[in-house]
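Undergrad: here is the input, now give the coordinates:
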Amino acid sequence: METAERRQKVIDLYKEGLVTGEIALAMGIKASQVSTDIYTARVNGILPQPRRGLPSSAAKHLMKKMGRKYNSLGRMLDVFDALTREEALWLMGTLPKDLTMAEYLASMVRDVYAEEHVL
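TA: Numbers count the residues shown, from 1 in each chain. This next block holds a predicted model:
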């Protein structure tokens, strides 16, 4: 399947409401490739940009309200401290070239959230 054809199929399945893991399974490709195709479609204006996350001031307020200290959010490098070596290597190996680690992890969280909140 050609790149343009694959991307279009990913976009079509995404518009049908499938999440990254479901699209990857249906098409027999890696989830990281699906994430890259969705990201590229957003950059090119084919898909809408995702809603932006909480501003840091709102995140601090929310954490305080939940009884957590802001520094308990950690840093991106703290993610690796919480992973085994094999898990960290897998994460780095699947990171799409045009996404930051934060964008990639956010897309994973969105997928899990969407899967848990499907009506």
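Undergrad: from here on, contacts and neighbour counts on C-alpha atoms
TA: Fine.
Undergrad: the residue in the chain sticking out farthest from the centre: what secondary structure?
TA: Taking CA atoms, centre = their mean, the residue of the chain most remote from its mean C-alpha position is residue 67, at 26.7 Å. With DSSP: H, G, I helix; E, B strand; the rest coil as the basis, residue 67 sits in coil.
Undergrad: what do you get for residue 109?
TA: The three-state label given to residue 109 by three-state DSSP is helix.
Undergrad: that one: neighbour count?
TA: 12 (other CA atoms under 10 Å).
Undergrad: same question for residue 28.
TA: Taking other CA under 10 Å as the definition, residue 28 ends up with a neighbour count of 9.
Undergrad: residue 34 now?
TA: Residues lying near residue 34 (other CA under 10 Å) number 24.
Undergrad: can you name the residues that contact it?
TA: Residue 34 sits next to 10, 20, 23-24 when contact means CA atoms under 8 Å, 6 or more residues apart in numbering.
Undergrad: buried ones in stretch 13-20, by neighbour count?
TA: Buried residues in stretch 13-20, counted by 16 or more other CA atoms under 10 Å: 13-14, 18-20.
Undergrad: mind putting the contacts of residue 34 into a markdown table with secondary structure, distance to residue 95 and pLDDT?
TA: Shown next, in a markdown table, are the contacts of residue 34 (DSSP: H, G, I helix; E, B strand; the rest coil; distance: CA to CA, whole Å; pLDDT from 0 to 100):
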| residue | secondary structure | distance to residue 95 | pLDDT |
| --- | --- | --- | --- |
| 10 | helix | 18 | 93 |
| 20 | helix | 14 | 85 |
| 23 | helix | 17 | 91 |
| 24 | helix | 15 | 90 |
